[in-house]
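Participant: A structural model of the following input is requested.
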Amino acid sequence: MAELPPGFRLLVVVTSLGLGGTERHLAAVLPALAARGAAVRVLALRPGGAMAEALRAAGVAVRHALRLPGPLAPAAGLLSVLRELLAWRPDAVHFFLPEAYILGGLAAWCAGARPRVMSRRSLNAYQAAHPRAARVERWLHARTDALIGNSRAVCAKLAAEGAAAGRIGLLPNGVVTAPPARSRAEARAALGLAPEALVILCVANLIPYKGHADLVEAFARARAFLPGSVLLLAGQDDGLGVALTAQAEALGVIDEVRILGARGDIPDLLAAADVFVLASHEEGSPNAVIEAMAAGLPAVVTDAGGSPEAVGETGIVVPARDPVALAAALVRLGKDGALRAALGAAARQRAREAFSLEACIGRYVALYAGLAAGRTPAELLPVGP
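Facilitator: Reported below is the predicted structural model:
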């Protein structure tokens, strides 16, 4: 088992510390790295965030970048990273999310800080709307020691952007699942759900690319074949809530579609559910799906990015942006309890074997220790077929 060098200091630069998948990933990983002997600091470019408090409570130092208005904001972020690098002199600096990579990567290049590590946790569709930022990212790829994807689909995008194969490594997500506070019956009662209801759950912030509109349409189509079914949408409302409510009303399922908002009781929601679904148009490697698998739920996902890699043979994969195919998958699972049970059991086993937090932490340790010893990401974290 790899071990971190004595006194290893890690600076993590992240765009924000809200309730997104990357932020929750860091809240699980960084305290575990600190327990392995690393001195860990996090610099967030944007203030606040629930995961900032979670990290502090776990003993991880969290700082926030200087904030200046308007066009001065990027310069303030870059200078904040540069100041932290020069004052603390970490043994490695790791960037998460595009803004952190661009500003932090430029600062690290200016400071000569090495090794420089970037984790890409989504596909690169965002680059189409930000061509200048995309050019900076490609420039940084040649000056970053390790470019880490959390799925083969993400790694393929990095290679297509011109990143050298030896610099690319695959580090799958690792999840830790808290046991539900309530039993299935109690969780359903707390939500006002009938014991016999078929409960379909989606956990994803209300962002257009997560495909909630497709899901609501698919549910409305499937509802005629699944009497008593309910769709729960859990996640921070980033502006779609009103439109989704109007859509559900227009489709006649307003009483069956429940928009729950950001929740702190995801394990209870998973305990109450029968089927998990993620209708994304793009995806890196979705933690929410893996957490649902670990809870023993069969999942329906779209063929977007790393979602099919996550479920493997334990779920149903349908084309993205295809509510008809999504509805058919929901009906198939909804009407076949034996299939739900079999896929759910297989999903739980796959989550334990492929996506355990312990294995994920081991890969981070191997990456940092290996880079310190002069090895390449491709050797340490091979992408494979």
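
Participant: For the residue nearest to residue 31 when sequence neighbours are not counted, give me the pLDDT.
Facilitator: Nearest residue to residue 31 in three dimensions, chain neighbours excluded: residue 58, at 3.8 Å (C-beta to C-beta, 6 or more residues apart in numbering). To be clear about C-beta, it is placed using only N, CA and C from the backbone, and glycine gets the same treatment. Note for residue 58: predicted pLDDT of 94.

Participant: Check whether residue 58 really touches residue 32, as I assumed.
Facilitator: No: using C-beta atoms under 8 Å, residue 58 is not in contact with residue 32; the gap is 9.1 Å.

Participant: which one of the two has more residues nearby?
Facilitator: residue 32 (20 against 15; other C-beta atoms under 10 Å).

Participant: any idea how far that one is from residue 15?
Facilitator: 22 Å (C-beta to C-beta, to the nearest Å).

Participant: ok, residue 42 to residue 53 distance?
Facilitator: 12 Å.

Participant: Between those two, which has more neighbouring residues?
Facilitator: Taking other C-beta under 10 Å, residue 42 and residue 53 do not tie; residue 42 has more neighbours (24 against 13).

Participant: What are the buried residues along the helix or strand containing residue 84?
Facilitator: Using DSSP states H and E, the element containing residue 84 is helix 73-88. Within helix 73-88, the residues scored as buried using 16 or more other C-beta atoms under 10 Å are 73, 77-78, 80-85, 88.

Participant: average pLDDT for it?
Facilitator: Across helix 73-88, pLDDT averages out at 96.

Participant: and residue 207, how many neighbours?
Facilitator: Number of residues near residue 207 (other C-beta under 10 Å) recorded here: 16.

Participant: Excluding covalently adjacent residues, which one is nearest to it?
Facilitator: Nearest to residue 207 is residue 238, by C-beta to C-beta, 6+ apart, at 5.2 Å.

Participant: That neighbour: what's it in contact with?
Facilitator: 205-207 (C-beta atoms under 8 Å, 6 or more residues apart in numbering).

Participant: got those residues as CSV, with distance to residue 117, pLDDT and secondary structure columns?
Facilitator: Converted to CSV, the contacts of residue 238 look like this (distance: C-beta to C-beta, whole Å; pLDDT from 0 to 100; DSSP: H, G, I helix; E, B strand; the rest coil):
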residue, distance to residue 117, pLDDT, secondary structure
205, 26, 92, coil
206, 31, 95, strand
207, 26, 92, coil
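
Participant: out of those, which one sits closest to residue 358?
Facilitator: Closest approach between the contacts of residue 238 and residue 358, by C-beta to C-beta: residue 205, at 27.3 Å.

Participant: distance between the ends of stretch 329-342?
Facilitator: 15 Å (C-alpha to C-alpha, to the nearest Å).

Participant: Residues touching that stretch, excluding its own?
Facilitator: The contact list for stretch 329-342 (C-beta under 8 Å, 6+ apart) reads 198, 200, 218-219, 222, 225-226, 229, 274-275, 277, 298, 300, 316, 318, 343.

Participant: mind listing what's buried in the helix or strand harbouring residue 185?
Facilitator: For residue 185, the host element (DSSP H and E) is helix 184-191. By neighbour count on 16+ other C-beta under 10 Å, the buried set for helix 184-191 is 184, 187-188, 191.

Participant: how about the residue nearest to residue 207, phi and psi?
Facilitator: Dihedral angles of residue 238 (phi, psi; degrees, to the nearest 10) stand at phi -100, psi 30.

Participant: Residue numbering should commence at 26 henceforth.
Facilitator: Got it, the first residue is 26 from now on, which makes the last one we talked about residue 263.

Participant: that older thread, quick check: neighbours of the helix or strand following the helix holding residue 210 in the sheet, parallel or antiparallel?
Facilitator: Downstream of helix 209-216, the first helix or strand assigned by DSSP H and E is strand 223-228. Strand 223-228 sits in its sheet next to strand 254-259 (parallel), strand 300-303 (parallel), going by DSSP bridges.

Participant: what's around the nearest residue to residue 260 once chain neighbours are set aside, how many residues?
Facilitator: Distance criterion C-beta to C-beta, 6+ apart; nearest residue to residue 260, sequence neighbours excluded, is residue 230 at 4.3 Å. Residues near residue 230, counting by other C-beta under 10 Å, number 18.

Participant: One more: residue 208?
Facilitator: Applying other C-beta under 10 Å, we find 12 residues neighbouring residue 208.

Participant: List the contacts of it.
Facilitator: With contact taken as C-beta under 8 Å, 6+ apart, residue 208 is in contact with residue 296.

Participant: What are the neighbouring residues in contact with the residue nearest to residue 57 when sequence neighbours are not counted?
Facilitator: Take residue 57 and drop its neighbours on the chain: the residue closest to it by C-beta to C-beta, 6+ apart is residue 386, 4.6 Å away. Residues near residue 386 by C-beta under 8 Å, 6+ apart: 54, 57-58, 61, 199.

Participant: Lovely, talk soon.
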